[in-house]
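**Q** Give me a 3D structure for the following:
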Amino acid sequence: MDPVHLPPVPENAIQSFGYGSDRGTLHVTEPPSTFLPPAPPLQGNTLKPLDNACMFSTCANLQTHREKGSQRERLTERKAHREKDSQRKTHREKGSQRERLTERKAHREKDSQRERLTERKAHREKDSQRERLTERKTHRERLTERKAHREKDSQRERVTERKTHREKDSQRERLTERKAHREKGSQRERLTERKTHREKGSQRERLTERKAHREKDSQRERVTERKTHREKDSQRERLTERKTHREKGSQRERLTERKTHREKGSQRERLTERKAHREKGSQRERLTERKAHREKGSQRERLTERKTHRES
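**A** Numbering: from 1, shown residues only. This next block holds a predicted model:
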């Protein structure tokens, strides 16, 4: 902003009281193209314009100084407003510059990151290509080694197969010989087994017969025991009946009844004794028969054991 030079002001007493400067010139930052507004009209007990009423030059000087003071205030206010606006503009420009710088930095960082990623991808691709080449080389070497090993293994397998075929042929011959020996031995064993089975079957039949005889004898003994128990029970019942008859009847009747009962009892006792003697005789005969059968069975078993020992 260029300063504006106002015309010189005459020196007088009013300026000495502080209404103006003694230098005579005022430096203003207002541009030359600015238009100064007219001074407001004075009201109340203000000074009247220089007419015929005021003959001194001080009144005119006062009016001019007042107008100049109001103009100066306005100019200072405008300067302050312009400075504030300029400051705001500078702040805005600085903020926009900072934002631009931050955006540029962010863009540069993004570009650098992209470049790094692209470089990493390229390095990875190169590494993968190198690894593939190395893997291919190793695969080829392994294939060649496998082929060599297979050829060696095939030769070894052929040799081993020949050996195994020879061993199998020898084993087959041995197996055929063993089978022939086994068949001969199995025929002999079968014959011996048949003989032993026949002997065992005869022994089993003998044992079953013995068991049947023993069971029959036990049944007969049980029947005889039951008969004896029944007869004893009947005798006891008769005795009880006699007691009751004796108590009920008179002495004469009792004597007559006793006589008759004694006769009947003697006859019955004789019959029971005869039956018991007969049963005991039959039991003795059965026991003798059983002993004979047991002795014969033991003799037969001894003979069979001797035969088996001789055959073995």
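
**Q** What about D85, how many residues nearby?
**A** 10 (other CB atoms under 10 Å). The C-beta positions use only the backbone N, C-alpha and C, and glycine is treated the same way.

**Q** Please report how far it lies from R100.
**A** To R100, D85 is 22 Å away according to CB to CB, to the nearest Å.

**Q** Can you show me the helices along the stretch 1-150 of the chain?
**A** Assigned by DSSP state H, counting those that start in this stretch, the stretch 1-150 of the chain shows helices spanning 13-14, 58-248.

**Q** and G281, which of those is closest to it?
**A** Evaluated over these, closeness to G281 peaks at helix 58-248, with 12.2 Å, by CB to CB.

**Q** Packing partners of whichever helix or strand comes after that closest one?
**A** Next helix or strand after helix 58-248 toward the C-terminus (DSSP states H and E): helix 251-311. If contacts are counted by 3 or more CB pairs under 8 Å, 6 or more residues apart in numbering; DSSP states H and E, helix 251-311 sits against helix 58-248.

**Q** ok and the helix it packs on relative to helix 251-311, angle-wise?
**A** Helix 58-248 and helix 251-311 meet at an angle of 120 degrees, taking axes from the mean of the first three to the mean of the last three CA atoms, to 10 degrees as the criterion.

**Q** packing partners for helix 58-248?
**A** Judged by 3+ CB pairs under 8 Å, 6+ apart, the packing partners of helix 58-248 are helix 13-14, helix 251-311.

**Q** before we move on, back to that, pick the most buried one from the helices of the stretch 1-150 of the chain.
**A** Ranked by mean neighbour count, the helices of the stretch 1-150 of the chain are led by helix 13-14 with a mean of 13 (mean count of other CB atoms under 10 Å).

**Q** from the middle of its chain, how far away would stretch 156-168 be?
**A** Distance of stretch 156-168 from its chain centroid, counting by CA atoms, centre = their mean, to the nearest Å, is 51 Å.
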